[in-house]
Every structure is written in C-alpha cells, then in structure tokens.
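> here is a sequence together with a model predicted from it:
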Amino acid sequence: MLVDYLSGPGRHHIAGQRVLELGSGTGIAGLALAPLGPAAVHLTDLPDVAPLLAANIRLNCALAAAAAAAAAAAAAAAAAAAAGSDAAGAGADAVLHAALSTRYTASAYAWGDPVDPLRTFCDGFDVVVASDVVYDPGGYAPLVASLALLLAAPGTVAILAHRHRHPENQRFFDLLGACPGMVVDRIDRGDVASVDGTDAGATVDGPGQGQAAVLRDVELYSLCIRAPP
C-alpha cells in the first residue's frame, strides 16, 4: 500500500528524490520504487539483514538490466522502422537510461544511532519511507529518535505505512507528537487503491477477503518537522 500511495497521481513525488528506507527487511518496498524514478534509494536494516538487502539489490539490478536490454532492443526496432537507425539508437539509450537511472545502496543501521554515517551513501535524503515497523515497544523510542534526526533536515518528509500489531502502538505516536515541531498527518485512505485495484476500505468477499482485511488494517501517515515561526 505504501508504494501504491506514492505512485498515485497528485501524491508525493518520488521522481528525482533521494529516498531512505528504514527497516527494509527484504527491501521489497524500496526496490518497488524504481519505476517511480527516484534519484537514489538507500535501504537499511539490522546488521544480520543488511547482506540480504545487498543481495536483493544485485539480483534486481541484474533483472532490470536484462529487462532494459530487451526493452531497448524493442524500442530500437520500432524506431528503426519509423525513423531510421539514428532515432533507433536514441530510443534504445533513452529506455536503458530510464530503467537503470536509480542508484541503489544498502547498509546496516540500528534505529537511534547517529544518522551522519548514512550520508556517506547519499549526501542527504528528501524522503524517508518505512513500512510495518511499529511492532516492538522496545523499538519505539529509537525509531522516533532516528526520524527526528532525519526530518530535522529542511524539506525532508517521511511516509509511514503502519499496521496495528501491539496494544501499545499509541505510545509510538505519543513519542512522535512530543518531538519539537513534529507534524503527524494521517493520510486519507479513501483515495488509495489496494494492490488488486479495489478500494482499500471496501468489503471483499471470496478468495481475496484475507488480503482485503489486511489492507483495511493499514494506515498511512506523513511526517515532517515544521520550523518555528
């Protein structure tokens, strides 16, 4: 749902942005941002997970390169038929560049640690994303500390996809609200479609009802730190 929201028209623009993902897990959410055209995406998780992130980046880049080569060949053939070989080469280069323009990196990062080392991978981040990371009360304060540090950079925003997993979830949002200048806005789910194209809040009967129940339990939030007047 996080990627679905970010890819919708009129929503937060990812194209050309520098993106940091916290708690990436397998990296599926961050990797799925590639078609939206971010300038760079840095995936993070604990040290025992970071090697998996790096491996998934290598695998997906290889797949993207193969897909780009096939698309470039098709574009070249179409352009050659329409406008000659020079246009064919330009079309192939454009397709290849679009497919491989996002720079992906990964590293170990524990919430609550200083964020300066992350800037060795990217000189700054425009957007911070996180999905399903509010599950352990022991991680609430460190996660909030990291978000406060990252959002202190002017213009940086965070998009959080949250599923209720613990009765103390509200404490995480209370800690966020206690951060000076922190603005937490719940995003209206009414204009976010589910992965199968249905309304995310709709009642679904039949084989898809389990997935629909999960989607109804997911909330989206935007976070930023507003400078004092």
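Now that the structure is in, tell me what you want to look at.
> what is the longest helix seen in the chain packed up against?
Longest helix in the chain by number of residues, with DSSP state H as the criterion: helix 50-83. Secondary-structure packing of helix 50-83 (3 or more Cβ pairs under 8 Å, 6 or more residues apart in numbering; DSSP states H and E): helix 28-31, strand 40-45, helix 85-100, strand 103-108. In short, each C-beta sits where N, CA and C put it, glycine included.
> and these, which one's lowest on average pLDDT?
Confidence, taken as mean pLDDT, is least for helix 85-100 of the helices and strands packed on helix 50-83 (a mean of 48).
> report the inter-axis angle for the longest helix of the chain versus strand 40-45.
Computed with axes from the mean of the first three to the mean of the last three Cα atoms, to 10 degrees, the direction of helix 50-83 lies at 150 degrees from that of strand 40-45.
> check the offset of helix 50-83 from the chain's centre.
Between the mean C-alpha location of helix 50-83 and the chain-wide mean there is a distance of 21 Å, by Cα atoms, centre = their mean, to the nearest Å.
> and that helix with strand 103-108, angle?
Using the same axes, to 10 degrees, helix 50-83 lies at 170 degrees relative to strand 103-108.
> residue 117: what secondary structure?
The three-state label given to residue 117 by DSSP: H, G, I helix; E, B strand; the rest coil is helix.
> that one - how many residues pack around it?
Look at residue 117: counted by other Cβ atoms under 10 Å, it has 11 neighbours.
> who touches it in this structure?
Counting by Cβ atoms under 8 Å, 6 or more residues apart in numbering, residue 117 makes contact with 107, 109.
> please redo it, this time with the cut-off set to 10 Å
In this structure, residue 117 makes contact with 107-109, judged by Cβ atoms under 10 Å, 6 or more residues apart in numbering.
> buried subset of these?
107, 109 (16 or more other Cβ atoms under 10 Å).
> which one of the contacts of residue 117 is nearest to residue 69?
Set against residue 69, the nearest of the contacts of residue 117 by Cβ to Cβ is residue 107 (28.8 Å).
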